[in-house]
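[1] The following comprises the amino acid sequence and a computationally predicted model.
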Amino acid sequence: MVRRERKFYSEEFKERVLTAYYNSKESVSMVARRFEVSRDTVSSWVYRKRRSSCSKKELN
């Protein structure tokens, strides 16, 4: 098994990717391809964003 070097993305870049995903009809795969990141990375960011949104709603 070959390990890849882990890439780090700025919060600004993550927000651009998430904004593109939520404001379009594109799939996670399409957005990932457009921004040249893995599908799993975008899926992870979407999952975290949803979880953080749900947590904030539960607090109110």
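    Good, I have the coordinates. Numbering: from 1, shown residues only.
[2] any idea of the mean pLDDT for whichever helix in the chain runs longest?
    Ranked by number of residues, the top helix in the chain under DSSP state H is helix 39-59. The average of the pLDDT scores along helix 39-59 is 85.
[3] How about residues contacting it?
    Y9, K14, V17, L18, Y21, V28, S29, V31, A32, F35 (C-beta atoms under 8 Å, 6 or more residues apart in numbering). (Each C-beta comes from the backbone N, C-alpha and C, glycine too.)
[4] give me that answer again for 6 Å
    K14, L18, V28, S29, V31, A32 (C-beta atoms under 6 Å, 6 or more residues apart in numbering).
[5] Now list the buried members of the residues you listed.
    By neighbour count, with 16 or more other C-beta atoms under 10 Å, these hold K14, L18, V28, V31, A32 as buried.
[6] Now go through these and say which are in helices.
    K14, L18, V28, V31, A32.
[7] Any chance of the residues you listed in TSV with distance to R3 and pLDDT as columns?
    Putting these into TSV (distance: C-beta to C-beta, whole Å; pLDDT from 0 to 100) gives the following:
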residue	distance to R3	pLDDT
K14	23	97
L18	27	97
V28	24	97
V31	25	98
A32	20	98
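[8] biggest separation within these, which pair?
    Greatest spatial distance in those: K14 and V28, 13.7 Å, computed using C-beta to C-beta.
[9] quick one on the thing from earlier: turn the ones in helices among the buried ones among the contacts of helix 39-59 into TSV, columns for distance to R4.
    As requested, these are exported to TSV (distance: C-beta to C-beta, whole Å):
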residue	distance to R4
K14	19
L18	23
V28	19
V31	20
A32	15
